[in-house]
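Visitor: Just to be clear, the model below is a prediction. Sequence and coordinates:
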Amino acid sequence: MVALVMLAIIAGCAAFLFLKGTLVQGVTMILNVIIAGFVALGFYEMLVPLLVKYAANIAEWAPLICFGLLLILTFAILQTVAMQLGKEKADLGALPEQIGRVVCGVVLGYLVTGHLLVAAAMAPLPIQYPYPRFEQRNPNPSKPNKAMLSPDGFVTGLFATVSKGSLSGIREPKSFAMLHAGYLDQLYLNRRGLSQKVPTTTNAPAFNGSKSSVWPAPDSLRDSDGKPLGARPGETLMLARVELKNRALKQGAKLTLSQIRLVCGPKGARSSLAGQGTAVYPVGYVGANNRLERKSLDEVLAEQSSEPMTTMDAAFYVPENLVPRLLEFRDSNAIPVSLPASGEEAPVMISYPGSSASPKNEPAQPQQEPPAPGPEPQSRGPDREKTLSEHTRGIVADPLEN
């Protein structure tokens, strides 16, 4: 179905330029679509909170609305300027015009289709729309399906490449390829729980604190059956402390593991927000008796207690040549992570309360006493922690002040 729509759009753009346009107009429209896409991808997250503030009932649709408005308005403005500057037609000859118009129409249709697929992926639609990027059950982030010729992957990849250079920020290098590593996978995996009424957005910044802890999983960690964990070649099993405010989660603090991701970057990078990122997704979490509960990314978790926070030690397999940089949740919540701790510096594991019951005939493993609490940091007011949630609202926006 997506392939037919894509072919129809490409054919329509090619026919329009061949019959009504010129080669110069075709080239101009291609450049305008690319620039409009850059503006939309770079700034739509900055407009989402403003829209939600005045229309909270459309919060799930806000990313699509803001992205679409920026894309259309920017393209319209650029086209108006181009038409005013190019009133005189340039005649390049009959044959170059005829061939060039068709080629430009095909490229234009390809770009338009890519942006439409990205916009549709932002909408709270069933997971099979606009196309089934992952299997119906047990999605594997390393094996996504793609649309024909992957136009959505091209437009997002092009912006990610550019954002690592001239659009990486002035005061602090920032990259769309790092903040939104695996962007299309993020959009589709964020919607995996929609059929069970798991929201895709948050009411407010969801992470508690200003930084999350990451550390290698101890050798004593076992699975839910008490068996040793199998090693993966070239990867290290690491734990990340996920602390989410329940009042920001909506719908009884429901979430899926597919909405949590650990973004890793190359070792030795000068900035945690620069360069190319790689998103890894949890394979489970620390559950009862400090055992690793392996779960599918489709697993719906719901906090049953009255605690103000959902705390979980999620487990990730991180490539050995990468180091964790960011912990992200849902569409635009991000927080930096500390350097991986080891030995005595590693935090004490916390059992997630939503885990299954203790394994039968297995003695409970003694837990270490938590360290004495230090002085509490000075309060910065509700929901004003220095997280990276605001960073993700615009690639070229200024970073938070210290």
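Guide: Sure thing, it's come through.

Visitor: Please, which helix or strand holds Gly41?
Guide: No, residue 41 isn't Gly; it's Leu. helix 23-54 (DSSP states H and E).

Visitor: quick check: mean pLDDT across that helix?
Guide: Averaging pLDDT along helix 23-54 yields 95.

Visitor: Can I take it that Leu239 is in a strand?
Guide: Yes - with DSSP: H, G, I helix; E, B strand; the rest coil as the criterion, Leu239 is part of a strand.

Visitor: what's around the closest residue to it other than its chain neighbours, how many residues?
Guide: In space, and not counting its chain neighbours, Leu239 is closest to Asp313: 4.8 Å by CB to CB, 6 or more residues apart in numbering. Just so you know, the C-beta spots here come from the backbone N, C-alpha and C atoms, and that holds for glycine as well. Neighbourhood size, Asp313 [other CB atoms under 10 Å]: 25.

Visitor: Neighbouring strands of the helix or strand hosting Asp313 in the sheet, and parallel or not?
Guide: In the assignment (DSSP H and E), Asp313 maps to strand 309-319. Using DSSP bridges, strand 309-319 pairs in its sheet with strand 235-245 (antiparallel), strand 284-286 (antiparallel).

Visitor: Next, format the ones you listed as JSON lines and append mean neighbour count.
Guide: Output for the strands paired with strand 309-319, formatted as JSON lines (neighbours: other CB atoms under 10 Å):
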{"stretch": "strand 235-245", "mean neighbour count": "21"}
{"stretch": "strand 284-286", "mean neighbour count": "23"}
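
Visitor: For the strand or helix carrying Val5, give me every contacting residue.
Guide: Using DSSP H and E, Val5 maps to helix 2-20. Helix 2-20 has contacts (CB atoms under 8 Å, 6 or more residues apart in numbering) with 25-26, 29, 98, 101-102, 104-106, 108-110, 112-113, 116-117, 130-131, 147-149, 151.

Visitor: on contacts alone, who are the packing partners of the helix holding Leu41?
Guide: Contacts defined by 3 or more CB pairs under 8 Å, 6 or more residues apart in numbering; DSSP states H and E place helix 23-54 against helix 2-20, helix 62-85, helix 94-122, helix 151-163.

Visitor: picking that back up, surely the residue nearest to Leu239 touches Ala346?
Guide: No - using CB atoms under 8 Å, Asp313 makes no contact with Ala346, being 10.7 Å away.

Visitor: Val214 bridge partners, please.
Guide: Ala240.

Visitor: what's the spacing between the residue nearest to Leu239 and Gly230?
Guide: Distance from Asp313 to Gly230, counting by CB to CB, to the nearest Å: 19 Å.

Visitor: follow-up on the earlier one: got the buried residues for the strand holding Asp313?
Guide: Of the residues in strand 309-319, Met309, Thr310, Met312, Asp313, Ala314, Ala315, Phe316, Tyr317, Val318 count as buried by neighbour count, 16 or more other CB atoms under 10 Å.

Visitor: Repeat that for stretch 148-161.
Guide: Pro151, Asp152, Gly153, Val155, Thr156, Gly157, Leu158, Phe159, Ala160.

Visitor: What backbone torsions are found at Ser224?
Guide: phi -70, psi -20 (degrees, to the nearest 10).

Visitor: TSV please, covering the strands paired with strand 309-319 and showing mean pLDDT.
Guide: Output for the strands paired with strand 309-319, formatted as TSV (pLDDT from 0 to 100):
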stretch	mean pLDDT
strand 235-245	94
strand 284-286	95
